[in-house]
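Participant: Build me a model from this:
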Amino acid sequence: MILSAQQIHKLRQKAHALKPVVWLGQHGLTETVLEEINIALDAHELIKVKLASSDRELRLAFVQQIIESLSATLVQQIGQIGVFYRKNNDKK
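Facilitator: Below you'll find the model as predicted:
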């Protein structure tokens, strides 16, 4: 899904007050963690994920895998926090 600059701006504003709902720990991005992110996206559409890794390249790989595996859109990434969005058509 491609979002306009205005849509991204509004999503960033909404995400500012959010707390991370999923944390990636020492085991990285496992199938279980991907499933938790998928459930959170279905429930909330806009979520924050804490990417607890000091390796910048590894964090970027995690973000890319989340985007590709779950058809999510990266709204913003600052340090170890990623903000993801996926429209839920079943939600009103």
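Participant: what bits of the protein have low per-residue confidence?
Facilitator: The chain contains residues with pLDDT under 70 at 92.
Participant: That one: strands as residue ranges?
Facilitator: Taking DSSP state E to define them, one finds strands in the chain at 22-24, 46-51, 73-78, 81-85.
Participant: Would you mind extracting the C-alpha trace of the third one into CSV?
Facilitator: Taking only C-alpha atoms (Å, rounded to 0.1, in the frame of the first residue of the first chain), the coordinates of strand 73-78 have been written out as CSV:
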residue,chain,number,x,y,z
THR,A,73,3.8,-0.1,5.4
LEU,A,74,6.7,1.5,7.4
VAL,A,75,5.4,4.9,8.6
GLN,A,76,8.6,5.8,10.5
GLN,A,77,11.7,4.4,12.1
ILE,A,78,13.6,6.2,14.7
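Participant: related to what we said a few turns ago, what's the closest of the strands of the chain to Glu35?
Facilitator: The closest approach between Glu35 and any of those, judged by CB to CB, belongs to strand 22-24 at 10.1 Å. To be clear about C-beta, it is placed using only N, CA and C from the backbone, and glycine gets the same treatment.
Participant: so what secondary structure elements neighbour that closest one?
Facilitator: helix 31-44, strand 46-51 (3 or more CB pairs under 8 Å, 6 or more residues apart in numbering; DSSP states H and E).
Participant: Save those as TSV, and put in mean neighbour count and distance to Ile2 too.
Facilitator: Output for the helices and strands packed on strand 22-24, formatted as TSV (neighbours: other CB atoms under 10 Å; distance: least, CB to CB, whole Å):
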stretch	mean neighbour count	distance to Ile2
helix 31-44	15	17
strand 46-51	21	16
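Participant: Can you redo the strands of the chain as a markdown table, where the extra columns are distance to Leu3?
Facilitator: A markdown table is the format used below for these (distance: least, CB to CB, whole Å):
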| stretch | distance to Leu3 |
| --- | --- |
| strand 22-24 | 21 |
| strand 46-51 | 11 |
| strand 73-78 | 6 |
| strand 81-85 | 7 |
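Participant: In contact with Val63, which residues?
Facilitator: Counting by CB atoms under 8 Å, 6 or more residues apart in numbering, Val63 makes contact with Leu51, Leu74, Gln77, Gly82.
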